[in-house]
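A.B. asks: this one's structure only:
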């Protein structure tokens, strides 16, 4: 299962991406028989994350792990998402991810009358060493679960949200392909404001599986978003404010899809840059629109409104408060501004986004004060 395609890479590479994203310092791939496909998958993963290597037994794994380290164990064929890994990677004692539904696609092996193991365990190095000392004919997974259960490991229940996000153990090509679509859909939902959730997320959910299935490179999507964004800026600068704002919406959707692809592949830095590119597109669109309106009417009101909108939203992006669904975002501003620009009331649209961003900034600052 580790060598089957998943998310534009192999399942093993995807699992390694999840582990390193959760703060793992070292990844050991336990294999019984090495195949060329598996070796190739490990080598590709090692190019992005150098601290990944192959071991052939629990004893060998225990020798390679530093004393005092916590060990996360993932079941073969496990498909999961970042929130699950982040929860299981938290510092603490031993823990087992469990489900109380024996028919769940995440249920692997019974632990007791109520719970079944759901594919992730957090154990100590001492426990791994204890397993390594058992006879060779012992099944590693069963031995692991028995040792962890006997130590009083915490049972972390699999939530409905995690299950909906795609957490499961797959043993077939068809099942893995179906799970791939679910995980990709969950990735697009990380953007939580109303504009992204109701408009751009829905578009990415349709497009992203097709792009991944056709093995389209992430940089190609990013370049495409940049080209579309540049066209929108040129249109706006030439005085076609309505057309420029509509094309900017398409550019935002493309950049957002590129950011989701970057997150899938563990390229968080590129994802962050694409998020800032969306902000830059919004800021340039409103500033150019303000300049065009100033050139047409001679009034300084449009450029002042544009400056207020861009500056206030920049401050919103830097406020540490957790965003609310109704808060402004670069993509939300473009959705609000576009109808006004298309109908020839760009100045009113600039006033709307300025008020929206300023109101969001006030709410964000107040939220930060309450938290403090």
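C.D. replies: Here it is on my side, so go on. Everything quoted here is computed from the prediction, not taken from an experiment. Numbering: from 1, shown residues only.

A.B. asks: only C-alpha atoms for contact and neighbour calcs from this point on.
C.D. replies: Will do.

A.B. asks: phi, psi of residue 109?
C.D. replies: With angles defined as degrees, to the nearest 10, residue 109 sits at phi -150, psi 140.

A.B. asks: so it sits right up against residue 120, yeah?
C.D. replies: No: if you go by C-alpha atoms under 8 Å, residue 109 and residue 120 don't touch, sitting 11.7 Å apart.

A.B. asks: out of these two, which sits in the more crowded spot?
C.D. replies: Legend: neighbour count by other C-alpha atoms under 10 Å for residue 109 and residue 120, higher for residue 120 (21 against 16).

A.B. asks: Please point out which parts of the host helix or strand of the more buried one sit buried.
C.D. replies: Element membership for residue 120 (DSSP states H and E) is strand 116-124. Of the residues in strand 116-124, 116, 117, 118, 119, 120, 121, 122, 123, 124 count as buried by neighbour count, 16 or more other C-alpha atoms under 10 Å.

A.B. asks: how far away is the third one from residue 163?
C.D. replies: Using C-alpha to C-alpha, to the nearest Å, one gets 10 Å for the distance from residue 118 to residue 163.

A.B. asks: Next, the residue in the chain sticking out farthest from the centre: phi, psi?
C.D. replies: Largest separation from the mean C-alpha position in the chain: residue 298, at 45.5 Å (C-alpha atoms, centre = their mean). Dihedral pair for residue 298: phi 80, psi 0, per degrees, to the nearest 10.

A.B. asks: For residue 338, which non-adjacent residue is closest in space?
C.D. replies: Excluding the flanking residues, the one nearest residue 338 by C-alpha to C-alpha, 6 or more residues apart in numbering is residue 245, at 5.3 Å.

A.B. asks: what's the neighbour count on that neighbour?
C.D. replies: If we define neighbours as other C-alpha under 10 Å, then residue 245 has 29 of them.

A.B. asks: who touches it in this structure?
C.D. replies: Contact analysis of residue 245 by C-alpha atoms under 8 Å, 6 or more residues apart in numbering lists 232, 236, 285, 334, 337, 338, 341.

A.B. asks: residue contacts, the fourth one?
C.D. replies: In other words, residue 334. Contacts of residue 334 by C-alpha under 8 Å, 6+ apart are 245, 248, 249, 282.

A.B. asks: Helix or strand: which one has it?
C.D. replies: Going by DSSP H and E, residue 334 is part of helix 330-342.

A.B. asks: Going toward the C-terminus from that helix, what's the next helix or strand?
C.D. replies: Next along from helix 330-342, by DSSP H and E: helix 346-371.

A.B. asks: and that next one, average pLDDT?
C.D. replies: On average, the pLDDT along helix 346-371 is 88.

A.B. asks: Return the set of buried residues in that helix.
C.D. replies: 346-347, 349-361, 363-365, 367.

A.B. asks: tilt between that helix and helix 330-342?
C.D. replies: 160 degrees (axes from the mean of the first three to the mean of the last three C-alpha atoms, to 10 degrees).

A.B. asks: Who's the closest spatial neighbour of residue 342, skipping the chain neighbours?
C.D. replies: residue 242 (4.1 Å).

A.B. asks: A helix includes residue 91, no?
C.D. replies: No: under DSSP: H, G, I helix; E, B strand; the rest coil, residue 91 sits outside any helix and is assigned coil.

A.B. asks: what residue ranges in the stretch 151-300 of the chain score low on pLDDT?
C.D. replies: 181-182, 184-192, 213, 266 (pLDDT under 70).

A.B. asks: can you give me the strands for it?
C.D. replies: 154-157, 168-169 (DSSP state E, counting those that start in this stretch).
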